[in-house]
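[1] predicted model and sequence follow; I will ask about them next.
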Amino acid sequence: MSNGYIHKIDKSQIPSCCILGVNIAAINMKWLLDFTLKNIVNLSGDYMCVSNVHTTVSAYKNDIYKSVQNGGIMAIPDGGPLSSLGQWRGYRDMQRTTGPDYMTEIIRISEVKGYRHFFYGSTQSTLDKLLKHLHAAFPKLQIVGMYSPPFRNLTNDEDDNIVRQINDAGADFIWVGLGAPKQEFWMAEHQGKVNGFMVGVGAGFDYLAGNIVRAPEWMQKHNLEWLCRLCQDPRRLWKRYMITNALFIWYAVLQRK
């Protein structure tokens with residue numbers, strides 16, 4: 001899937017580890033934050049995927065989704081198994097960089113830098129809770145817009161209106177919380193159309209709004225955050241984690257793809 005977009009940044013400067021055909025950035029949080037702050041102007045109109053085992057296995061099985069994962073400026077290793085596998089393959093500086101952690105760090109920096117933020121996705125009730133939390137925790141943060149899209153495809157007119165709304169708001173960062181793979185397809189379809197850096201953060205809105213409790217730090221360090229999420233929402237997530245985790249081990253670890 002390509003819209004002919006030409007990146008304003010040379011992607012060859014971003015170290016990456018190919019896992020199941022997806023070029024996962026072989027980076028750590030410090031590198032990512034430094035890169036973002038240095039290049040924020042040139043990142044406008046582009047997008048970044050926050051990748052985990054589920055999205056990587058899904059991309060391996062779907063060439064269109066794979067091109068979407070590879071079509072942004074980079075795909076960061078949100079999932080611990082990705083960074084662990086990267087280290088095993090020789091990328092010693094590769095560490096897990098989660099979407100919620102990245103979003104929190106950028107928001108914290110934004111109080112000083114004055115970056116402006118737009119939040120696209122989730123439900124209106126979650127956005128309301130998110131707004132309340134952010135105002136309390138980061139009183140100087142500039143939130144220039146929030147939009148909860150309907151649970152259907154937007155009409156062309158509706159899409160044009162939301163693009164106009166985002167661009168008129170002058171956001172530096174556009175946080176997209178639609179869940180995978182919907183958020184990645186949305187970003188790819190709007191690459192070059194919106195002004196601002198799009199980042200698909202999945203459940204990041206729910207974490208910062210307090211809807212989901214993050215796993216204890218020891219579970220995060222041992223690549224077990226997925227287990228904590230599974231326990232919180234087993235009916236929806238059991239298939240994703242049980243099947244895709246097994247496929248990841250088979251394809252990426254045992255067959256070294």
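    Great, that's in hand. All values reported here derive from a predicted model rather than from experimental measurement.

[2] distance of the residue lying closest to Ala169 once chain neighbours are set aside from Phe173?
    With sequence-adjacent residues excluded and distances taken as CB to CB, 6 or more residues apart in numbering, Ala169 is closest to Val144, at 4.0 Å. C-beta here means a position set from N, CA and C on the backbone, and glycine is covered the same way. Relative to Phe173, Val144 is positioned 10 Å away (CB to CB, to the nearest Å).

[3] now list whatever residues contact both of the two.
    Jointly contacting Val144 and Phe173 under the rule CB atoms under 8 Å, 6 or more residues apart in numbering are Arg116, His117, Phe118.

[4] please say which of Val144 and Phe173 ends up with more neighbours.
    For Val144 versus Phe173, the count of surrounding residues by other CB atoms under 10 Å is larger for Phe173: 22 against 17.

[5] so what's the more buried one bridging to?
    Beta-bridge pairing for Phe173 (DSSP bridges): His117, Phe197.

[6] residues contacting it?
    Ile106, Ser110, Tyr115, Arg116, His117, Phe118, Gly196, Phe197, Val199.

[7] thought the second one was touching His117?
    Yes. Checked against CB atoms under 8 Å, the pair Ser110 and His117 is within contact range at 6.8 Å.

[8] looking at the two, which is more packed in?
    Using other CB under 10 Å as the criterion, Ser110 and His117 rank with His117 on top: 23 against 19.

[9] how close does that one sit to Gly196?
    Distance of His117 to Gly196, given as CB to CB: 9 Å.

[10] now the common contact residues for these two.
    Counting by CB under 8 Å, 6+ apart, the shared contacts of His117 and Gly196 are Ala171, Asp172, Phe173, Ile174.

[11] what's the helix or strand hosting Asp159 packed up against?
    Element membership for Asp159 (DSSP states H and E) is helix 156-169. Here helix 156-169 touches strand 116-121, strand 142-147, going by 3 or more CB pairs under 8 Å, 6 or more residues apart in numbering; DSSP states H and E.

[12] just put the ones you listed in JSON lines and tack on distance to Asp206 and mean pLDDT.
    Formatted as JSON lines, the helices and strands packed on helix 156-169 follow (distance: least, CB to CB, whole Å; pLDDT from 0 to 100):
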{"stretch": "strand 116-121", "distance to Asp206": "10", "mean pLDDT": "98"}
{"stretch": "strand 142-147", "distance to Asp206": "14", "mean pLDDT": "98"}
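
[13] closest one to Leu178 among those strands?
    Comparison of these against Leu178 by CB to CB identifies strand 116-121 as nearest, at 4.4 Å.

[14] CA atoms of the closest one as PDB?
    C-alpha atoms of strand 116-121 as PDB (Å, rounded to 0.1, in the frame of the first residue of the first chain):
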ATOM      1  CA  ARG A 116       0.400  21.100  20.400                       C
ATOM      2  CA  HIS A 117      -1.600  17.900  20.500                       C
ATOM      3  CA  PHE A 118      -4.600  16.400  18.800                       C
ATOM      4  CA  PHE A 119      -6.200  13.100  20.000                       C
ATOM      5  CA  TYR A 120      -8.100  11.000  17.400                       C
ATOM      6  CA  GLY A 121      -9.900   7.800  18.400                       C
END
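
[15] any idea of the angle it forms with strand 142-147?
    Calculated by axes from the mean of the first three to the mean of the last three CA atoms, to 10 degrees, strand 116-121 forms an angle of 20 degrees with strand 142-147.

[16] packing partners for strand 116-121?
    By 3+ CB pairs under 8 Å, 6+ apart, strand 116-121 packs against helix 99-113, strand 142-147, helix 156-169, strand 173-177.
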